[in-house]
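K.L.:
coords please:
(chains A and B)
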Number of protein chains: 2
Amino acid sequence: MTAVMSPAALDEPFAEPADKTEAFRDELFAAGLLVPTGVDGLYLRSEAFESIVRGIDGRVTREAAQDEPSASYHFPLVVPAQLLEDSDYVRSFPNLVSLLDGYVGGTEGMPAFLEAVDHGRWNKELAPTGLGLNAAACHPLYPTLRGSCLAPGGVLVELVGQVFRREPSVDPARLQVFRQHEVVFVGEAEAARAHRDLWVERGLAIHRALGLDVEAVIANDPFFGRTGRMLAANQRDEALKLELVAPIVSPEGPTAISSANCHLDHFGKTFEITCADGSVAHSACVGFGLERITLALLFKHGLDSRTWPASVRAELWP
Amino acid sequence: MTAVMSPAALDEPFAEPADKTEAFRDELFAAGLLVPTGVDGLYLRSEAFESIVRGIDGRVTREAAQDEPSASYHFPLVVPAQLLEDSDYVRSFPNLVSLLDGYVGGTEGMPAFLEAVDHGRWNKELAPTGLGLNAAACHPLYPTLRGSCLAPGGVLVELVGQVFRREPSVDPARLQVFRQHEVVFVGEAEAARAHRDLWVERGLAIHRALGLDVEAVIANDPFFGRTGRMLAANQRDEALKLELVAPIVSPEGPTAISSANCHLDHFGKTFEITCADGSVAHSACVGFGLERITLALLFKHGLDSRTWPASVRAELWP
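P.N.:
Predicted structure coming up:
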């Protein structure tokens, strides 16, 4: 597998957007594919947009089906806040997470809350609910395997769901809420790495059949703070995560639309998952960014999917 | 249309769940249809569960298609917090809403935030982001029509998305995050009421063709506080909202699985939407509760959808 360094643009969480980026978003608005909500990175999506998302989703499902995954899970955007801690996501990207406040007073707190509502200060009375927004599609899987000893050959699971990253931007490819379709392996160390490598090749083939100019690059995630710099160096030096990048509008270079990631024994250790031979389980995932792939297709083939090449349409809507 | 009063159970936001309810949830867990996350009302869903959801979703789309909706929108769970205020949802149900905290300090606040991260108190540094979780599927529509004058005959729009209600419960029908498929009319007053009435009949027919013992009852929502009691009385006396109820497991009576609601000119006034004749627009919506209908079907026909009556399967998967 050939891999070059990730473009510098991916390192810049607060990079200023270019006019060209905003102009592409305006085109998407004008075509009715996205509808503004008044908040950058948060849009209503048209049925035309969604039908492309469903096409990509189905294509990934067909690819994964040949290996007969043991389960396929769909999940809500909301997760126990503890999952953001357990997955270590908050240690790496605390600037992107969101925690939920709500009314947690129960019946006995009601009179005081009623009073606050009557005086229009209900929002001051909210408190942490113990809930947060999910940050990566594979995270909800690991707690379901907590403490388990896997059969030889591990488990292969598909997951589809929304994730949240707080990074408002006029770049339509930088959404605050988006969907990932992941295929995750948990089991023996070598099998985990093989899963990652297999899906880099499959991912490249899937994207290329959709007419996208995609290549695999070593990821260089904008990890946060002191610990983050060490994690970033490790990710880069060990080539743990590869991103599949393709041109969307950004003048800073191609955008990551999918990725494939070796977690080593990180989740296995945290959630005490062991292999049949007693070793700590390793894991690896491939994640397809459904909105980003949709945007890359709209950028490449034009805003009206009815005019796209027949070969691309056949891949999406067989 | 015949309508009887809503069962008292729907008035009880903090009603204690019965053992039977929890037993049904355990059956859903054992069958792998739902997977626990450690939080009541928040579950992973299996592909078998999702395929039923998709079947219902498609059935509603086919029903709506005969009237050629002008748009069909899908939206993320996250919305501008202002929408919860503008829609008046927080005035009626402040106990169910959720607002999002996150890092909002920008580049200049980074050094202090980095310090907090290093000392493990990052979560104390989060602040309101101006975002919240959506509470009803039709709410994101109205701001897109703000200030507009509608063509004669108004607009008909489909909306599909996740909504959040903070009411943790062991009753599997009381989810904290669930999906609604809505068909919304905005336009002339009589046309809005006719839309509501048409969809009560259509909703009854759709649910009955799925083998559900459904009936329409006048809703009696558990509005909150002093203002809430007035709103509740108004909703009841004017029969503004009808719920389609069917038995799921609750021993307290049938559960609302869909509803049809006249908003009068509430959203038209708030968002300054006018009709061609200059009058303030009225609106009405029908909402199909995708997870609740799925659970009603599982309760009625059994946990293995492959064994369901052929007529039901044909409705879902034609």
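K.L.:
check contacts around residue A:41.
P.N.:
With contact taken as CB atoms under 8 Å, 6 or more residues apart in numbering or on different chains, residue A:41 is in contact with A:167-169, A:174-177. Where C-beta positions appear, they are placed from N, C-alpha and C, glycine not excepted.
K.L.:
now residue A:297
P.N.:
The neighbours of residue A:297, taking CB under 8 Å, 6+ apart as the test, are A:52, A:210-212, A:305, A:308, A:312.
K.L.:
among the residues you listed, which are in helices?
P.N.:
Judged by DSSP state H, helices contain the following of those: A:52, A:312.
K.L.:
helix, strand or coil for the nearest residue to residue A:214 once chain neighbours are set aside?
P.N.:
The shortest distance from residue A:214 to any non-neighbouring residue, by CB to CB, 6 or more residues apart in numbering or on different chains, is to residue A:207 (4.1 Å). Classification of residue A:207 using DSSP: H, G, I helix; E, B strand; the rest coil returns helix.
K.L.:
kindly report the same for residue A:157.
P.N.:
Once three-state DSSP is applied, residue A:157 turns out strand.
K.L.:
state the distance from it to residue A:182.
P.N.:
For residue A:157, the distance to residue A:182 equals 8 Å [CB to CB, to the nearest Å].
K.L.:
the two: who's more crowded?
P.N.:
For residue A:157 versus residue A:182, neighbours defined as other CB atoms under 10 Å in any protein chain shown are more numerous around residue A:182 (27 against 21).
K.L.:
distance of the more buried one from chain B?
P.N.:
13 Å (CB to the nearest CB, to the nearest Å).
K.L.:
return the residues in contact with that residue.
P.N.:
A:137-138, A:158-160, A:285-288.
K.L.:
in helices only, show me the residues you listed.
P.N.:
Per DSSP H, the subset of those in helices is empty.
K.L.:
which of those residues come close to chain B?
P.N.:
residue A:158 (CB under 8 Å from any CB of the partner chain).
K.L.:
so which of the contacts of residue A:182 comes closest to residue B:199?
P.N.:
residue A:160 (29.7 Å; CB to CB).
K.L.:
please name the residues that touch the closest one.
P.N.:
Counting by CB under 8 Å, 6+ apart, residue A:160 makes contact with A:57, A:72-74, A:137, A:179-182.
K.L.:
quick one: low-confidence residue ranges for the stretch 151-300 of chain A.
P.N.:
Within the stretch 151-300 of chain A, the segments meeting pLDDT under 70 span A:227.
K.L.:
what segments of chain A are strands?
P.N.:
Along chain A, counting by DSSP state E, strands occupy A:4-5, A:34-36, A:43-46, A:71-75, A:78-80, A:99-102, A:127-133, A:155-164, A:177-187, A:215-218, A:241-246, A:255-264, A:282-289.
K.L.:
returning to what we had before: next, count neighbours for the residue nearest to residue A:214.
P.N.:
Applying other CB under 10 Å, we find 24 residues neighbouring residue A:207.
K.L.:
bridging residues for residue A:131?
P.N.:
Beta-bridge partners for residue A:131, by DSSP bridges, are residue A:80.
K.L.:
I'd like to know how far it sits from residue B:101.
P.N.:
11 Å.
K.L.:
next: residue A:201.
P.N.:
41 Å.
K.L.:
so between the two, which is more surrounded?
P.N.:
Remark: of residue A:201 and residue B:101, residue B:101 carries more neighbours, 21 against 12, as counted by other CB under 10 Å.
K.L.:
hmm, that one is touching residue A:102, no?
P.N.:
No - taking CB atoms under 8 Å as the definition, residue B:101 is not a contact partner of residue A:102, at 11.0 Å.
K.L.:
now for the two: what residues contact both?
P.N.:
By CB under 8 Å, 6+ apart, no residue touches both residue B:101 and residue A:102.
K.L.:
let me see the contact set for residue A:225.
P.N.:
A:94, B:114, B:117-118.
K.L.:
quick one: buried ones out of these?
P.N.:
Neighbour-count burial (16 or more other CB atoms under 10 Å in any protein chain shown) is assigned, among the contacts of residue A:225, to A:94, B:114, B:117.
K.L.:
quick check: chain neighbours aside, which residue is closest to the first one?
P.N.:
Distances taken as CB to CB, 6+ apart put residue B:122 closest to residue A:94, at 4.2 Å, once the chain neighbours are dropped.
K.L.:
could you dump the contacts of residue A:41 to TSV with neighbour count and distance to residue B:36?
P.N.:
TSV is the format used below for those (neighbours: other CB atoms under 10 Å in any protein chain shown; distance: CB to CB, whole Å):
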residue	neighbour count	distance to residue B:36
A:167	20	31
A:168	17	33
A:169	19	36
A:174	21	33
A:175	27	29
A:176	25	28
A:177	24	24
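K.L.:
circling back: the residue nearest to residue A:214 touches residue A:259, doesn't it?
P.N.:
No - using CB under 8 Å, residue A:207 is not in contact with residue A:259; the gap is 12.0 Å.
K.L.:
what is in contact with the two at once?
P.N.:
Common contacts of residue A:207 and residue A:259 (CB under 8 Å, 6+ apart): residue A:244.
K.L.:
can you list the residues of the stretch 101-250 of chain A near chain B?
P.N.:
The stretch 101-250 of chain A has residues A:101-103, A:106-107, A:113-114, A:117-118, A:122-123, A:126, A:128-131, A:133, A:140, A:143-144, A:158, A:162, A:164, A:166, A:175-177, A:224-227 near chain B, with proximity defined as CB under 8 Å from any CB.
K.L.:
change it to 7 Å
P.N.:
A:101-103, A:107, A:113-114, A:117-118, A:122-123, A:126, A:129, A:131, A:140, A:143-144, A:162, A:164, A:166, A:176-177, A:224-226 (CB under 7 Å from any CB of the partner chain).
K.L.:
walk me through the domains of chain A.
P.N.:
With domains defined by automatic domain parsing, chain A comprises A:4-97+A:135-316, A:99-132.
K.L.:
which one of the contacts of residue A:297 sits closest to chain B?
P.N.:
Nearest to chain B out of those is residue A:52 (CB to the nearest CB; 11.7 Å).
K.L.:
contact partners for residue A:214?
P.N.:
Shown in contact with residue A:214 (CB atoms under 7 Å, 6 or more residues apart in numbering or on different chains): A:204, A:207-208, A:244-246.
K.L.:
tell me the spacing between residue A:229 and chain B.
P.N.:
Relative to chain B, residue A:229 is positioned 11 Å away (CB to the nearest CB).
K.L.:
residue contacts, that residue?
P.N.:
residue A:223.
K.L.:
can you tell me how far it is from residue A:97?
P.N.:
19 Å.
K.L.:
skipping adjacent residues, who's closest to the residue in the stretch 151-300 of chain A positioned nearest to chain B in space?
P.N.:
For the stretch 151-300 of chain A and chain B, the shortest gap (CB to the nearest CB) falls at residue A:177, measuring 3.7 Å. Using CB to CB, 6+ apart and skipping the chain neighbours, the partner closest in space to residue A:177 is residue B:76 (3.7 Å).
K.L.:
I'd say the one you found and residue A:42 touch.
P.N.:
Yes - the criterion here is CB atoms under 7 Å, and residue B:76 meets it with residue A:42 at 6.4 Å.
K.L.:
joint contacts of those two?
P.N.:
Both residue B:76 and residue A:42 are contacted by residue A:177, under the criterion CB under 7 Å, 6+ apart.
K.L.:
these two - which one has more neighbours?
P.N.:
Higher neighbour count among residue B:76 and residue A:42: residue B:76, with 25 against 20, using other CB under 10 Å.
K.L.:
ok, now which ones touch the more buried one?
P.N.:
Neighbouring residues of residue B:76 by CB under 7 Å, 6+ apart: A:42, A:162, A:177.
K.L.:
next one: residue A:31
P.N.:
Neighbouring residues of residue A:31 by CB under 7 Å, 6+ apart: residue A:303.
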